[in-house]
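Novice: just coords:
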């Protein structure tokens with residue numbers, strides 16, 4: 001082999017060695033970069049895991065607190081209603097005590113009873129309880145229960161003539177229907193209507 005060829009081989013070997021060194025240096029840089037990225041990813045994963053654990057704990061606390069509040073709401077839902085009724089009970093007890101007196105004045109007892117009833121009606125009104133007292137109104141089967149029908153010339157057919165027992169609504173939902181007497185067309189009025 002000639003000296004030139006040997007030089008060329010040496011130069012090629014040097015070039016190859018240089019390329020391998022450069023590649024090794026790049027690989028080392030890539031490895032360092034990958035290590036750094038891996039550390040950052042692990043740190044981020046640890047932060048996310050910590051946030052997840054905290055979020056789960058917070059959700060569990062919210063669930064427990066909601067259950068406790070719901071339990072208390074069920075347990076003490078009538079507390080305000082009870083507080084409104086306590087003065088009515090006090091008034092009724094005073095009325096009973098006054099009625100037991102030998103010199104009880106009936107007019108004062110009546111007046112006290114009327115005031116107690118007014119207090120009671122005001123208390124239930126605050127909580128959306130309304131009475132259904134439909135005298136002279138059209139019969140409504142959703143709110144009224146017909147106890148009897150009476151022929152009447154003075155009322156339109158299907159009109160409430162009398163209320164035997166008031167009905168009650170709670171926030172516009174029927175609790176108890178009013179028991180009513182309803183008018184019907186009398187037999188002579190029915191014949192007149194049929195002739196027309």
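Specialist: Cool, the structure landed. Please read all numbers here as calculations on a predicted model, not as lab measurements. Residues are numbered from 1 along each chain as shown.
Novice: okay, now residue 155: neighbour count?
Specialist: By the criterion of other C-beta atoms under 10 Å, residue 155 has 16 neighbours. C-beta coordinates here come from the backbone N, C-alpha and C atoms, glycine included.
Novice: Give me the secondary structure label for it.
Specialist: Secondary structure assignment for residue 155 (DSSP: H, G, I helix; E, B strand; the rest coil): coil.
Novice: my guess is it meets residue 182, correct?
Specialist: No: contact criterion C-beta atoms under 8 Å: residue 155 and residue 182 do not qualify, at 9.0 Å.
Novice: Overlap of the contact sets of those two?
Specialist: residue 161 (C-beta atoms under 8 Å, 6 or more residues apart in numbering).
Novice: tell me the centre residue of the protein?
Specialist: Most central in the chain under C-alpha atoms, centre = their mean is residue 70, positioned 10.3 Å from the mean C-alpha point.
Novice: hang on, residue 94 packs against residue 112?
Specialist: Yes: look at residue 94 against residue 112 with C-beta under 8 Å: they come within range, at 7.2 Å.
Novice: Give me the more crowded residue out of those two.
Specialist: Using other C-beta under 10 Å as the criterion, residue 94 and residue 112 rank with residue 112 on top: 17 against 12.
Novice: The more buried one falls within a helix, correct?
Specialist: Yes: per three-state DSSP, residue 112 lies within a helix segment.
Novice: what sits against the nearest residue to it once chain neighbours are set aside?
Specialist: Excluding the flanking residues, the one nearest residue 112 by C-beta to C-beta, 6 or more residues apart in numbering is residue 95, at 4.9 Å. Going by C-beta under 8 Å, 6+ apart, residue 95 touches 109, 112-113, 116.
Novice: try 10 Å this time
Specialist: By C-beta atoms under 10 Å, 6 or more residues apart in numbering, the residues touching residue 95 are 104, 108-113, 115-116.
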